[in-house]
Structure formats: C-alpha cells, structure tokens
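Participant: Could you look at this predicted model? Sequence included:
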Amino acid sequence: MKIRINGEERRTDRRTVSGLLEELNILPGRVAVEVNLKIIRKADYDTHPIMESDNIEIVNFVGGG
Amino acid sequence: MLEDKLIIRGIEFKSRFWIGTGKYKDFEETARVIEASGADVVTVAVRRVNITDRNSPNLLDFIDPRKYKILPNTAGCFNVEDAVRYARLARESGVSDMIKLEVIGDERTLFPDTIGLLKATEILAKEGFIVFPYTNDDPIMAKRLEDAGAAAVMPLGAPIGSGLGIRNPYNMKIILESAKVPVIVDAGVGIASDAAIARELGCDAVLINTAVAGAKYPILMAEAIKYAVWAGRLAYKAGRIPKKLYATASSPIEGML
C-alpha cells in the first residue's frame, strides 16, 4: 500500500507502527511518531494500524539552541 | 554559600551555564564542547528522522541522557498549534517533560510572539509540561508567563544569534525583582563578559549556543563562559558599588606634602 512518511511517498506492506519502524531500521526508543496528526504512544506501536494513504511523521532530536 | 541549588519542579540543575547543540562542525565537536562547558543541560530541536540514510549518526549517541538533561525546543514554530505539536512530539520521544517553548513572531528578528507564547504556555503547563518559555525582556510578560504556569522564564538578552549581549539590563533587573520563578537568559550572548553581566544582575542561569558554536575555537569559548558564569555570580554576591558621575580618590589626602 501507499503511505506518506516525512513528506515522501513510500510503499510498504507493514501493518503496524512497530513493523514500519523495523522496516525503516529505526529504533523506537528516541523517536516520536505521528499518524495523521495523532501522536502514537510507544505502548501502542505494536497495535496501531498503518493504513492506505496514512500520513506519517517520524521525528527525533537534532542539534538546536 | 555562593548560591542555592537551582531546583525547578523537583529537578536539580548543577550548572548555571546551559548550552545549545546547534551549528557545531560535527557531533564529536558538540560532545567536546559540552564537556568543556560543564553544562548539565543541553537543548535540542525536534526534526524529521532521515529515513533515506539510516547510517547517519544520531545526536543522542553523543550526549548521554543519564549525564545530561535534555531540553527540547520548539524552534522554528511560528504559531501556537505548531509549538504545541512539537512539544508533544518531544515529550513522546521519551527523554524529558521539559520544553523550551518558542513561538516565533518574525523571521528576521526571531523575536517571540508573546501572545502566542502565553497561550502555548497555558496549554502545555496544563498538560503537565515543565515549560521554559523564550520571551522578550518584558517584565509584564514574564509575570504573565509565570501566572500561566511557566516553570521559569527565559528572557532574551538580544536577538537569537546576534551576539549583542544584554541590551536592556534594566528590564532584566526588573524581571529579576518581580519574578518568583527562575530567570534564565536565553539568546543574545556574544562572549563571556555578556554571560558575566547576566549573572552579575542576578540571573539564575544563561543558555548559550551561537556564541560558542560560532567562535573560532568553540571549546575555548565554552570554557571562558563557564568561568564568566561563575565570576558573575561571585560579583553579584560581593555587591557592586554605586555608579557615580564624578571621581572619588582611592588614595588618602592626609600625609601629602
């Protein structure tokens, strides 16, 4: 299915946030995930479904003042 | 005792020099500068993960969250909605409930939009965030932010990255006299003596990024500011003499020929 991650279109067959992070090789510890503007709690990564045309944002910390 | 421990919402801060992590050459330099600064608080920004290059290093691999307190910011947010969104994402990342709240009003000056800032402070304080709003050197706004639940106030010395120093020490003094929460100067410091001035006025801490990152030798500047922050406090405790227009001789008249 087609989804959008961090502004870019992408295809995936992963069905949960956990699955998607695994596919992207991202450790869940230091990121935050938003699906269609809703922040997903870490405890829900295993269960929160990823669906066709979801808009997903994955953020982490970078240098800043 | 030089000063009491700085404790904000139950969190003990060991250093009075807080440091930003932006604009360094690489993460190795960032880590070395933080070490030299003696800071135990570092600010970070919230940005998209690079999903195409997963081998790029991560800032938090160079800053041990057990050793340093991570203070995420909402830099780059120009309205309440975005600032609140970034703050919530920062908290969900799982390193801290603290947020250095920025609601920027204008790209050229990066001055805060204090009306938006106040609204965002109210929202986030109610959600249990430990809010550190970046604000103007305006004593009334500092009071309003405190009333809205800010854990401390962070008035600017001058525009972010300008290096102009503490442009309005008199307002800063009024803020310090009226605030019940800690006052941490954020933005504007250009060199060590500016940080000393902030501390001589009585500011609880100073947050600095560009003055260090932009210096020719960032590690040296970090060290210089560390001492200035300390020297400023010593001078504050010592108590300055009044300023006078005319001279007062230091040597006695008596015994002169």
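Facilitator: Noted; the coordinates are in hand. A quick note: this is a predicted structure, and the numbers were derived from the prediction, not measured.
Participant: doesn't residue B:125 make contact with residue B:131?
Facilitator: Yes: the criterion here is CB atoms under 8 Å, and residue B:131 meets it with residue B:125 at 5.3 Å. C-beta here means a position set from N, CA and C on the backbone, and glycine is covered the same way.
Participant: any shared contact partners between these two?
Facilitator: Listed contacts common to residue B:131 and residue B:125 are B:149-150; contacts here mean CB atoms under 8 Å, 6 or more residues apart in numbering or on different chains.
Participant: Name the nearest residue to residue B:44, sequence neighbours excluded.
Facilitator: residue A:61 (4.0 Å; CB to CB, 6 or more residues apart in numbering or on different chains).
Participant: The one you found: neighbouring residues, count only.
Facilitator: As a burial measure, residue A:61 scores 28 neighbours (other CB atoms under 10 Å in any protein chain shown).
Participant: hmm, back to that, which of residue B:131 and residue B:125 has more neighbours?
Facilitator: Neighbour count, other CB under 10 Å: between residue B:131 and residue B:125, residue B:131 has more, with 29 against 19.
Participant: Tell me the residue of chain A that sits nearest chain B?
Facilitator: Chain B sits closest to residue A:64 of chain A, with a gap of 2.7 Å, by CB to the nearest CB.
Participant: which ones are touching that residue?
Facilitator: B:20-22, B:43-45, B:73, B:75, B:209.
Participant: Need the three-state assignment for residue B:47.
Facilitator: strand (DSSP: H, G, I helix; E, B strand; the rest coil).
Participant: just to revisit the earlier point, by neighbour count, which of the contacts of residue A:64 wins?
Facilitator: Highest count within the contacts of residue A:64 by other CB under 10 Å belongs to residue B:20, 32 neighbours.
Participant: State the mean pLDDT of stretch B:80-94.
Facilitator: Mean per-residue pLDDT for stretch B:80-94: 96.
Participant: Dump that stretch to PDB, restricted to CA.
Facilitator: Extracted in PDB, the C-alpha atoms of stretch B:80-94 (Å, rounded to 0.1, in the frame of the first residue of the first chain):
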ATOM      1  CA  VAL B  80       0.700  28.100  18.900                       C
ATOM      2  CA  GLU B  81      -0.600  25.000  17.100                       C
ATOM      3  CA  ASP B  82       2.900  24.100  15.800                       C
ATOM      4  CA  ALA B  83       4.700  24.800  19.000                       C
ATOM      5  CA  VAL B  84       2.200  22.600  21.000                       C
ATOM      6  CA  ARG B  85       2.600  19.900  18.400                       C
ATOM      7  CA  TYR B  86       6.400  19.900  18.500                       C
ATOM      8  CA  ALA B  87       6.300  20.000  22.300                       C
ATOM      9  CA  ARG B  88       4.000  16.900  22.500                       C
ATOM     10  CA  LEU B  89       6.300  15.100  20.000                       C
ATOM     11  CA  ALA B  90       9.300  16.000  22.000                       C
ATOM     12  CA  ARG B  91       7.700  14.600  25.200                       C
ATOM     13  CA  GLU B  92       6.700  11.400  23.400                       C
ATOM     14  CA  SER B  93      10.300  10.900  22.300                       C
ATOM     15  CA  GLY B  94      10.700   9.900  25.900                       C
END
